[in-house]
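Chemist: One predicted model, sequence on top.
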Amino acid sequence: MKKLSERLFAIFLVLVFGIFFALQLMIPKAEAAEKILKIGTVAPLTLKEGVEIKRWMELFAKVVNEKGGWKIGNDTYKLQSIVYDGGVMRDAAKARAAVERLVYQDGVKFMVSNWGETPTQTATITEPNKVLWLGCDFTDATVKPDLKYFFRASGVYFARGLSYVIQKDFMARGATTEISVNADTESGRIGNKLWGEAAKLAGMKVIPGLTYPPDTADFGPVATKIVALKPDLVELSFVTGDQITNIIAALKEAGYRGFLSPANLNPTILANTIAKVGKEYVEGMEYNNFDPRGVHNDPKVQVLIDRYMKEYGEFRYEGVFWVGPWFIFEDAVQATKSVDVEVLRKYLGESKNGVMTLGGYSQLFARPDRGVLQTIDVAPGHGIGIVKDGQLKLLKKVSVKDQYLVSVKVYGLVDTYQEYWDKYGRPKFPDEPSMIDFKDILKK
Amino acid sequence: MDAGLFAKVLVNGVMSGGIYALVATGFTLILGVIQVFNFTQGHFYMLGAFVTYAVATALGLPYPLAILAAFLATAILGALMYFGIVQWTMPSGFFHTLLVTVACGAVISQTSLLTFGFNDRVVPAVVTSSLSIGGITVSGSRLIVIAGALVVMLALYYFMKTKMGTAMVAAAENRDVAGLQGINAKQIFWITMAVGCGLSGIAGALIVPVLSASVVMGTGMFIRVMMVVLVGGMGSMSGALLAAFIIGLVESFAYQLVGELSLVVIFVLVAILMFFRPGGLLGKPLPVPGEN
């Protein structure tokens, strides 16, 4: 009896050790075969933009995984997109909670895309943990030398080419005087100033910008004042949502018959505006277009657009701008064949080429005016649309060169940047048609 | 300022004044007769705009029918608010009723937001042409709003001359004496609430072809209505009418001169007026708490 129990115990021990041994052999094999690269995103999932960011990020990961993942050295990485709700703009507590969860619980080392100003609210989490973040921010709070791991791969600092190209278009159509109209907010006043400076550079006579109280419902007095100032072109540079419809309706009522450029137009706003003022009145309006369909000739991006349509049905444009950083991240990984944070950071900081995104070419540039000499801030891919027969049509894309050079000039930073260019060389731009060159902004 | 610009600014001011007058008259009626500070007045203005959108745009029915629907819907909702909530808090005093209307406003706001979202709803312009006289062109849509507001004010004037209207005035002056003369105060109260809220609804219905229906449109309106009521005098309907046009015109002309600071101009004017006439143009000074 004693012998039997000893034998059973011995068999038990052998089995236990055997299982452990087998597991030891299996686990390393699985890790070697397939690694998971987690990519974190914080987006406002209660807004259309947030839902679209999530859709695109998941689609990007899915497309890469279907092709077998990323081969980096001897490893193959399957991508896992983790998207958490970071709340809307001012909800810093929610944004911080989402980023903490990504960094501390999920162990994310790469964050791509966001909406609004989350990086400013959460840099104290991502920077000490060396989380590489290619995201968006509209303030310059994240553009400073001590933030080493954040790259503004989606933003509008180097985006003044958009207004310049639109203004040039209207000049070609006969406009000579311009006025920019915005709500009386900080961004509205900045919008008026920047649009005015771009118009000056384009060669237009600029009427000082007009602002109105942000809660304005009746735009009759605003429109009456605009008409009295007799501009050829009215630009609603930072006006958003349904205020566009109401301003345009009031302008028509007040007898304005000149050119119009509402920067942020979408199919709903256009339909509402047409219901108010008719198709003829809005014909020829130019605006900032985020729908890349129609003229995108990059096959890789076209495949993504087609795939999006297949996955989600109707195409939505709300996420296009915000997921631009994905393409810059993917380019960096493919160029360096690395998923090491420091290697990627170095590559991004010395960026020399434009990357094709859903919205067109995007490229990172240095910000010598902020003391940042690594390439950190994007000239984003922007499209210009035109209203034709009551429909939104993509007219052209704004070149990276126009975005960058016009911005430097409009901000009054030519001297600072010239010094930088003299020392480090002028940036190279993607091969695409542009309207402005260095000689146009440099002092003779 | 040339004649053409002057005419446009004048029309803008009169139109705003007409709309302020309707909402402020409704507010003053309720405040004067049943002594309820109706915080939902701006919300009913917003609801009127959305009902008009639903009837005129979504259902495609004629615009005049939509105005009627907006009036009826907001009047019924006002009466329901009275029966369901206001009447029960009235015995507890002025501030209780005020707080209850604040709560009702929050409920209407949030329900509207959930129902309609942040996107504006558009009702096409009723008149697309302009009126030109001697080289001066003014918007037809705005003239229609002015005409509509005047018709409603005229109707209200005649309503106040009827037996019901007289009973309202009597109840406003002295509830007890009115009761002794056989006036059914409870009936007067709910009718007042319905008419007061309905006036806001009509204002929303009249303005929506010029503007758009938006869930936040009531907030800005309520601020202006408070200015109107302060200038006109608390509880004075004729004061509210006069003040509404003054505020509308000042706002319109001030924008041409000082731009986005036009609302500040109104605040300054109201402050000066309050200093010299604490009771407003046609009202009596409010009692100071603690003083008999």
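Modeler: Right, received. Where do you want to start? Just so it is clear, the model here is predicted, and its values are computed rather than measured.
Chemist: Quick check: which element contains residue A:397?
Modeler: According to DSSP states H and E, residue A:397 maps onto strand A:391-398.
Chemist: ok, then the element right after that strand?
Modeler: Next helix or strand after strand A:391-398 toward the C-terminus (DSSP H and E): helix A:400-410.
Chemist: Run the chain-centre distance for that next one.
Modeler: For helix A:400-410, the separation from the chain centroid amounts to 17 Å (computed by CA atoms, centre = their mean, to the nearest Å).
Chemist: again with stretch A:366-378
Modeler: Worked out by CA atoms, centre = their mean, stretch A:366-378 lies 17 Å from the chain centre.
Chemist: Just the buried residues of that stretch, please?
Modeler: Using 16 or more other CB atoms under 10 Å in any protein chain shown as the test for burial, stretch A:366-378 gives A:366, A:367, A:368, A:369, A:370, A:372, A:374, A:375, A:376, A:377, A:378. No exception for glycine: its C-beta is placed from N, CA and C like everyone else's.
Chemist: so what's the backbone phi/psi at the nearest residue to the fifth one once chain neighbours are set aside?
Modeler: Nearest-residue entry for residue A:370: residue A:143, 4.9 Å, with adjacent residues in sequence omitted and distances by CB to CB, 6 or more residues apart in numbering or on different chains. In this entry, residue A:143 is assigned phi and psi values of phi -100, psi 80 (degrees, to the nearest 10).
Chemist: Can you show me the strands along chain B?
Modeler: With DSSP state E, the ranges of strands along chain B come out as B:130-133, B:136-139.
Chemist: Summarise which helices and strands the last one is packed against.
Modeler: If I follow you right, that is strand B:136-139. With contacts defined as 3 or more CB pairs under 8 Å, 6 or more residues apart in numbering or on different chains; DSSP states H and E, the packing partners of strand B:136-139 are helix B:3-34, strand B:130-133.
Chemist: Out of the ones you listed, which gets the lowest mean score?
Modeler: Lowest mean pLDDT within these: strand B:130-133, a mean of 79.
Chemist: returning to what we had before: count of neighbours near the residue nearest to residue A:370?
Modeler: Neighbour count of residue A:143, defined by other CB atoms under 10 Å in any protein chain shown: 20.
Chemist: can you check residue A:311 too?
Modeler: Using other CB under 10 Å, residue A:311 has 12 other residues around it.
Chemist: Low-confidence stretches in the chain?
Modeler: Just so you know, I chose chain A. Applying pLDDT under 70 to chain A flags residues A:1-5, A:8-33, A:89-90, A:294-296, A:443-444.
Chemist: The chain in question should be chain B.
Modeler: B:284-292.
Chemist: Go again with 50.
Modeler: B:289, B:292 (pLDDT under 50).
Chemist: So which residues on it come close to chain A?
Modeler: Residues of chain B found near chain A (CB under 8 Å from any CB of the partner chain) are B:1, B:5, B:8-9, B:11-12, B:15-16, B:57, B:118-120, B:122, B:124-125, B:128, B:130, B:137, B:139, B:141-142, B:207, B:210-212, B:214, B:216-217, B:219-221, B:251-252, B:255-256, B:259-260, B:262-263.
Chemist: List only buried entries from those.
Modeler: Buried members of those, scored by 16+ other CB under 10 Å, are B:5, B:8-9, B:11-12, B:15-16, B:57, B:120, B:122, B:125, B:130, B:137, B:139, B:141-142, B:207, B:210-212, B:214, B:216-217, B:219-221, B:251-252, B:255-256, B:259-260, B:262-263.
Chemist: sorry, back to before: can you give the strand pairings for the strand holding residue A:397, parallel or anti for each?
Modeler: Partner strands and pairing direction for strand A:391-398 (DSSP bridges) are strand A:382-388 (antiparallel).
Chemist: Not counting the partner strand itself, show me its contacts.
Modeler: Contact with strand A:382-388 is made by A:159, A:161-162, A:165-166, A:169, A:265, A:270, A:282-292, A:295, A:359-360, A:392-398, A:403, as judged by CB atoms under 8 Å, 6 or more residues apart in numbering or on different chains.
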